[in-house]
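In: give me coordinates for this.
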Amino acid sequence: MEIKILGSSCQKCETLEKLTRVVVEQNGIDASIIKVQDIYQIMKYGVMTTPALVVNEKVEIKGRVPSKEEIWQVLSKNI
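Out: Below is the predicted model of the structure:
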């Protein structure tokens, strides 16, 4: 599974990355996590407000920091 965290180095973006890494580790998910900070790359996903969580090239969550439970729900349906 390929997971991308879209966003700059803002607090919310950092929080989403940390939470995602925790969920992946706690659940033994085989995934690569990539941080995308380039605004032009982010815009290619149609994301205007960050942070955003992209799983296997599909934008799943954008514009907010979800809970760990919500991240798990998104990731589990893509396993």
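In: was I right to think Gly63 contacts Thr49?
Out: Yes. Counting by C-beta atoms under 8 Å, Thr49 is a contact partner of Gly63 at 3.9 Å. All C-beta atoms are positioned from the backbone trio N, CA, C, and that covers glycine.
In: which element, helix or strand, includes Ile42?
Out: When elements are assigned from DSSP states H and E, Ile42 belongs to helix 39-43.
In: buried residues, that helix. List them.
Out: Ile42 (16 or more other C-beta atoms under 10 Å).
In: which elements pack onto that helix?
Out: Packed against helix 39-43 by the contact rule (3 or more C-beta pairs under 8 Å, 6 or more residues apart in numbering; DSSP states H and E) you find no helix or strand.
In: and the pLDDT for the closest residue to Tyr45 other than its chain neighbours?
Out: Among residues not flanking Tyr45 along the chain, Val59 sits closest, at 5.3 Å (C-beta to C-beta, 6 or more residues apart in numbering). On the pLDDT scale, Val59 is placed at 98.
In: when you give positions from now on, start the count at 497
Out: OK, 497 is where the count begins now, so the last one is Val555.
In: just the strands in the protein please.
Out: Along the chain, counting by DSSP state E, strands occupy 498-502, 528-532, 548-551, 554-558.
In: verify the stated contact: the residue nearest to Tyr541 with Thr546.
Out: No. When contacts are counted by C-beta under 8 Å, Val555 is not listed as touching Thr546 (11.1 Å).
In: and the strands of the chain as TSV, adding mean neighbour count and distance to Lys540?
Out: Formatted as TSV, these follow (neighbours: other C-beta atoms under 10 Å; distance: least, C-beta to C-beta, whole Å):
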stretch	mean neighbour count	distance to Lys540
strand 498-502	21	10
strand 528-532	14	9
strand 548-551	22	10
strand 554-558	15	11
